[in-house]
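Novice: Pasting the sequence and the predicted coordinates here, then a few questions.
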Amino acid sequence: LSEIGLSPDTVLQLAPNFRTRFDAAGHVIVDSPVGTIVDIGPRGFAILSMFSQPLTLGDALEQLEAQLGGSTEFAPMMNVVNMLIEENTLIVSAAGRAPTSGWADPIEHARMLHDDRRTHDFISALTAALQPGDVVLDIGTGSGVLAVALARAGARRVYAVEASDIAAVAAQVFEANDVKDRVTLIPGWSRQIELPERADLLVAEIIGNEPFEEEILETTLDARRRLLKPGARLVPHALELLARPLWLPEAEIRQRVFGRAAVQRWRDLYGMDFQALLDAAAKDPVYTVTEGEVVTTWPPAGPPVVLASVDLAAFQEASVRAVTDLVVDPPGPVNAVAVTFRAHLRDGITHTLDPWKWPSSSWATSVWVLPEPVEVGPGSALRAHYLRRVPGKPDGLTVEIVDSPHQDDAACSRQR
Ligand SMILES: C[S@@+](CC[C@H](N)C(=O)[O-])C[C@H]1O[C@@H](n2cnc3c(N)ncnc32)[C@H](O)[C@@H]1O
């Protein structure tokens, strides 16, 4: 904490401009003042209400310790406090203005501008999709790059919506690039704003490292219902999740999960029993993100397959329940599953996150790490189940080993 300038005496309070809501699974979701979306879990309101009056960090920890000390909920609740500080929802009382972070931080937008494959793919697709006289909605304009490109390509009007404080920079970018007369900046969350007219074309580059975490589904559904003309064109217009089995080196695994082998190793090393530590740890695959340059050094244990596919112009519910069988080739051990994406931007133009082909990207790769490695033998497959905002179920990816369909049987059943 001292590293980020906090001490037990630091007085924290809730930032004035954040939004909360429940998701379908009953988690409290915070739309933070820096434009990020933070899942603070089913008991998130308890933490927020602790800070309804300014409170020192030390007192907050004491209260949590008193309520939850010794329970397995203590660490997750501490993690929530940490996330709220990092995402500027809890701010230092005396600071006046919160430090810049999240999407308000210029470095985030510099990283995306450095990713010229991404930016060119989007600009090419938008240029191809744009028709004379179009009104365009750019949700999450960020640095304003796509809005400027659209104005230059001939859009009649671009409504550039941005939730975070980077909107102030976008305003200057529009002025500096002489598009101020055709681009209207609308600060705020797209789901809370109104437009003076409906748009013919939507661009929403709000694909996260976990592809759905920036709520592209919720935001696109709302835009389709309130902000777009019927039949409006969308960029991207479809999003596929791709899953690929992996074998991570032991040193990488140790940073992320541990299982029975680790407990045995500590027993051998120290003569002590740490089964309790294992009992308290996650049982399902653990979500992590890793830069593509690192992921590219990890051997894939099989080819990528489509895990889920969403037609952004047609889907009706912002939840995803998907299942697919991953081929492990050659048969052998698997200890992680990478989930990347392919965004269909415009006929023939796609943008794929594939660290083995293009290690350098502004997106980090989602890697779900299995607490225990699994051995996938010949004739078996690794079945991946993926859930996102399914009522009553936690979000995440789980796996099981299944018999893979026998080729000859499949051919037989087709003939019948
Ligand atoms: C991945 S960045 C893309 C920025 C820019 N369009 C580009 O391509 O470089 C996403 C931006 O969208 C903003 N954002 C995400 N969801 C939003 C929403 N529903 N309404 C307004 N802004 C949003 C974030 O604050 C962030 O600045």
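Specialist: Sure thing, it's come through.

Novice: Going by C-alpha atoms from here, please, whenever you check contacts or count neighbours.
Specialist: Will do.

Novice: Near the ligand, which residues of the stretch 51-200 of the chain are found?
Specialist: 103, 109, 112, 139-143, 145-146, 161-164, 188-191 (C-alpha under 6 Å from any ligand atom).

Novice: In which helix or strand does Pro76 reside?
Specialist: Using DSSP states H and E, Pro76 sits within helix 74-86.

Novice: low pLDDT regions in this protein?
Specialist: Scanning the chain with the threshold set as pLDDT under 70 gives 1-5, 93-101, 405-416.

Novice: Show me the beta-bridge partners of the nearest residue to Val183 once chain neighbours are set aside.
Specialist: Spatial nearest neighbour of Val183, excluding adjacent residues (C-alpha to C-alpha, 6 or more residues apart in numbering): Val158 at 4.7 Å. Beta-bridge pairing for Val158 (DSSP bridges): Val136, Val183.

Novice: Let me know the distance separating Val158 from the ligand.
Specialist: According to C-alpha to the nearest ligand atom, to the nearest Å, Val158 and the ligand sit 13 Å apart.

Novice: Thr296 too?
Specialist: 22 Å.

Novice: Could you report the neighbour count for that residue?
Specialist: 17 (other C-alpha atoms under 10 Å).

Novice: and it, backbone torsions?
Specialist: phi -60, psi -20 (degrees, to the nearest 10).

Novice: what sits against the closest residue in space to it that isn't next to it in sequence?
Specialist: In space, and not counting its chain neighbours, Thr296 is closest to Trp356: 4.8 Å by C-alpha to C-alpha, 6+ apart. Trp356 makes contacts with 292, 295-296, as judged by C-alpha atoms under 8 Å, 6 or more residues apart in numbering.

Novice: Please apply the same query to Leu55.
Specialist: Contact partners of Leu55, counting by C-alpha under 8 Å, 6+ apart, are 11-13.

Novice: Distance from the host helix or strand of Lys229 to the middle of the chain?
Specialist: Counting by DSSP H and E, the element that carries Lys229 is strand 228-235. Centroid separation between strand 228-235 and its chain, computed with C-alpha atoms, centre = their mean, to the nearest Å, is 24 Å.

Novice: and it, does that touch the ligand?
Specialist: No - using C-alpha under 6 Å from any ligand atom, we find that strand 228-235 stays clear of the ligand, coming within 11.3 Å at best.

Novice: One more: stretch 309-326?
Specialist: No - Stretch 309-326 does not reach the ligand (C-alpha under 6 Å from any ligand atom); its nearest approach is 13.7 Å.

Novice: Give me the contacts around that stretch.
Specialist: Contacts for stretch 309-326 (C-alpha under 8 Å, 6+ apart): 217-218, 220-221, 224, 233-234, 236-241, 243-245, 302-308, 381-390, 404.

Novice: For the stretch 1-150 of the chain, which segments count as strands?
Specialist: Residue ranges of the strands in the stretch 1-150 of the chain, as given by DSSP state E, counting those that start in this stretch, are 11-14, 19-22, 28-31, 37-39, 55-56, 90-92, 135-139.

Novice: most neighbours per residue, which of those strands?
Specialist: strand 135-139 (a mean of 26; mean count of other C-alpha atoms under 10 Å).

Novice: Pick out the residue in the protein sitting closest to the ligand.
Specialist: Nearest to the ligand in the chain, going by C-alpha to the nearest ligand atom, is Gly140, at a distance of 3.0 Å.

Novice: wait, isn't that residue in contact with Ala163?
Specialist: Yes - Gly140 sits in contact with Ala163 when judged by C-alpha atoms under 8 Å, with a separation of 6.9 Å.

Novice: who's more crowded, the two?
Specialist: A side-by-side neighbour count of Gly140 and Ala163, using other C-alpha under 10 Å, places Gly140 first with 27 against 24.

Novice: so how far is Ile166 from that one?
Specialist: Per C-alpha to C-alpha, to the nearest Å, Gly140 is found 10 Å from Ile166.

Novice: all helices in this structure, in order from the N-terminus.
Specialist: In the chain, the segments counted as helices under DSSP state H are 44-50, 57-68, 74-86, 106-114, 116-129, 145-152, 167-176, 216-226, 250-254, 260-270, 275-280, 292-295, 407-415.

Novice: Can you list the buried residues in the strand ranked longest in the chain?
Specialist: If you go by DSSP state E, the chain has its longest strand at strand 332-346. Within strand 332-346, the residues that qualify as buried by neighbour count (16 or more other C-alpha atoms under 10 Å) are 333-346.

Novice: Before I go, just wanted to say thanks for your time.
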